[in-house]
Each structure stands twice: as C-alpha cells, then as structure tokens.
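Q: take a look and give me a structure for this.
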Amino acid sequence: GRDRDLYGPNFDSYSILNSGLGGRGDSDDNYCVSGNFGSDSYTPSYCGENDAWKDGSGKCCLKRVTSPQPTPSPGPSFTWIFSSTQNDDAITASNKYVDDASGIKDEIEYGPHGNAHCTIGGCGSGHLGDFQNSPDDPIF
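A: Predicted coordinates:
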C-alpha cells in the first residue's frame with residue numbers, strides 16, 4: 001500500500017524490489033532477475049519445459065515480469081497494486097472469514113494479495129505471478 005501511495009506504477013522505487021531479493025527481471029534477458037538471485041547464485045525449483053524460463057546463457061533463472069497493467073489507448077499505464085486505503089477497505093469489507101465472495105479471505109486473496117503477485121511477478125509469466133510456482137520467488 002505505502003509504496004503504491006508514494007510511487008504509483010514506478011516499480012523500480014518499490015521497497016520490495018530494492019530489498020536484496022532481486023529487482024525486476026531484465027527484459028533483454030528473458031525477464032531473468034540478476035544480482036543476489038541471478039542464475040549464477042540461485043536456481044528456482046521450477047524451470048519450465050522450454051527456454052522461456054532460462055537466461056541468455058541457458059541457465060534456469062528466476063523470472064519476474066514486473067509491469068503496470070495497460071489501459072485502453074490513449075491513457076497512462078496504472079497499477080493494480082492496492083493503495084493503503086484500498087488495503088484497509090479490503091480488510092474491513094467483511095466481519096467474517098469465509099471462503100466465498102462474502103468473506104475477508106476472498107477480499108484479501110483476490111484483491112491486494114493476488115494483484116501484487118501479478119503486478120510484481122508477471123501474471124502467468126514469472127515465478128511470483130504463476131501461483132503454482134510463486135514459492136520459488138524469494139519475495140513470496
């Protein structure tokens with residue numbers, strides 16, 4: 001919430017991507033993360049069936065396809081990362097913890113939690129954004 005409040009879709013400024021857990025994936029290297037969690041020092045459990053999960057040298061890599069969601073043209077890009085107010089609203093939207101659309105679990109799971117996975121990790125295209133393999137990403 002706070003990073004979204006301060007930086008909007010400027011993800012390079014988000015604290016989680018500057019915490020030592022690796023930043024955005026490199027768009028010139030198949031969205032592979034470099035640094036502490038680059039392919040020379042970290043190998044995720046999931047490497048996929050093809051080269052989509054490998055860096056330019058052919059090593060399995062941690063992928064993060066961090067990007068704002070596009071808006072219909074013309075228009076600026078935006079982020080689905082929840083603001084502090086939106087997080088508060090999701091948490092207080094219900095007074096019961098149930099596994100359906102009327103409970104706080106779904107308000108959080110399919111709201112701020114899921115949207116952060118998709119925006120920071122790349123929904124379906126990076127480890128954090130692939131819900132089956134998101135534990136491979138140290139941000140998880």
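
Q: worst-scoring helix or strand of the protein, pLDDT-wise?
A: Within the chain, confidence by mean pLDDT, DSSP states H and E is lowest for helix 104-108 among all helices and strands, at a mean of 70.

Q: send the alpha carbons of it over as PDB?
A: As requested, C-alpha coordinates have been extracted for helix 104-108 and formatted as PDB (Å, rounded to 0.1, in the frame of the first residue of the first chain):
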ATOM      1  CA  ILE A 104     -12.500 -11.300   4.200                       C
ATOM      2  CA  LYS A 105     -10.400 -14.200   2.900                       C
ATOM      3  CA  ASP A 106     -11.600 -13.600  -0.700                       C
ATOM      4  CA  GLU A 107     -11.400  -9.800  -0.300                       C
ATOM      5  CA  ILE A 108      -7.700 -10.200   0.500                       C
END
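
Q: buried residues, stretch 12-24. List them.
A: 14, 17, 21-24 (16 or more other CB atoms under 10 Å). (Glycine included, C-beta is placed from N, CA and C.)

Q: whoops, stretch 46-59 was the one
A: Counting neighbours by 16+ other CB under 10 Å, one finds that the buried residues in stretch 46-59 are 47, 53-55.

Q: tell me where this protein is predicted with low confidence.
A: Per-residue confidence for the chain (pLDDT under 70) gives these ranges: 68-79, 82, 87, 93-103, 107, 110-112.

Q: try it again at 90.
A: Across the chain, the stretches falling below the confidence threshold (pLDDT under 90) are 1-17, 46-53, 65-134, 139-140.

Q: need phi/psi at residue 32.
A: The main-chain torsion angles of residue 32 are listed as degrees, to the nearest 10 and equal phi -80, psi 140.

Q: counting neighbours, what do you get for it?
A: Using other CB atoms under 10 Å, residue 32 has 25 neighbouring residues.

Q: from residue 123, how far out is it?
A: With distances taken as CB to CB, to the nearest Å, residue 32 is found 18 Å from residue 123.

Q: where do the helices sit along this structure?
A: With DSSP state H, the ranges of helices along the chain come out as 2-7, 84-92, 104-108, 114-121.

Q: contacts for stretch 42-62, please.
A: 22, 25, 29-30, 32-33, 36-40, 63, 127, 130, 132-133, 136-138 (CB atoms under 8 Å, 6 or more residues apart in numbering).
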